[in-house]
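1. Quick one: sequence and predicted model below, then my questions.
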Amino acid sequence: MFSGIVETTARVVDLKKEEGNLHITLSCPFADELKIDQSVAHNGVCLTVIAIQGDCYTVTAISETLLKSNLGELSIGDEINVERSMRADGMLDGHIVQGHVDTTATCTQVREADGSHYYRFEYEANDEQITVEKGSVTVNGVSLTVCNSRDNSFEVAIIPYTYEHTNFHNFRIGTRVNLEFDILGKYIAKLLKIYLNK
């Protein structure tokens, strides 16, 4: 489990396809602190460390992950938001994030406002993938507060620190991002669907 508080960014240094899988090697400041079989969130996707060498480590994304996320679009040199799994005795600074991406969204607007940045994202909505005003959503692994929520889109406001220390500073109109909707909202939506269809 994660909190959506990105620790740093890692840079893609190698990509290797093996049948339907993609092995991703990243250069990361905390690589020497990792262990084999450890879980790390990459743009919000929980992946397992399979190899470590110096300041680099490798994870594997399976075909299902590549279909549901933006990891299949990676290129050498790309910047990825990374977060190690949350300790049981740690503070929950963001919100409960599972590292299980629900879908992707497309950035449709970027605007500056008094030093901050607003981003609008559009996605293919369904009954279980919803945002609510002032609720939580995870965008590329970053825990954020929803504003201007619509049926298939929402905005988030990014403070300068988040802009500088995550890959948000690379987002442009057309950028595809990973979304994980709030787990509590998903359970409530599912229960309502079951109850109403009885």
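-> Now that the structure is in, tell me what you want to look at.
2. what's near enough to touch Ser75?
-> By CB atoms under 8 Å, 6 or more residues apart in numbering, the contact set of Ser75 is Val12, Leu15. C-beta coordinates here come from the backbone N, C-alpha and C atoms, glycine included.
3. ok, now how distant is it from Leu22?
-> Going from Ser75 to Leu22 by CB to CB, to the nearest Å gives 12 Å.
4. now the worst-scoring helix or strand of the chain on mean pLDDT, how far from the centre of its chain.
-> None of the helices or strands of the chain scores lower by mean pLDDT, DSSP states H and E than helix 183-196, at a mean of 80. Mean-position distance between helix 183-196 and its chain equals 22 Å (CA atoms, centre = their mean, to the nearest Å).
5. Which neighbours do Ser75 and Leu22 have in common?
-> What both Ser75 and Leu22 touch, as defined by CB under 8 Å, 6+ apart, is the set Leu15.
6. Tell me which residues of the least confident helix or strand of the chain come out buried.
-> Neighbour-count burial for helix 183-196 flags Ile183, Gly185, Lys186, Ala189 (criterion: 16 or more other CB atoms under 10 Å).
7. Checking Ile5 next. Helix, strand or coil?
-> Here Ile5 is coil, with the state taken from DSSP: H, G, I helix; E, B strand; the rest coil.
8. how about the strands of this protein, start to end?
-> 8-18, 21-27, 39-42, 45-53, 56-61, 79-84, 103-113, 116-122, 136-139, 142-147, 153-158, 176-181 (DSSP state E).
9. tilt between the second one and strand 8-18?
-> It refers to strand 21-27. For strand 21-27 against strand 8-18, the angle by axes from the mean of the first three to the mean of the last three CA atoms, to 10 degrees is 150 degrees.
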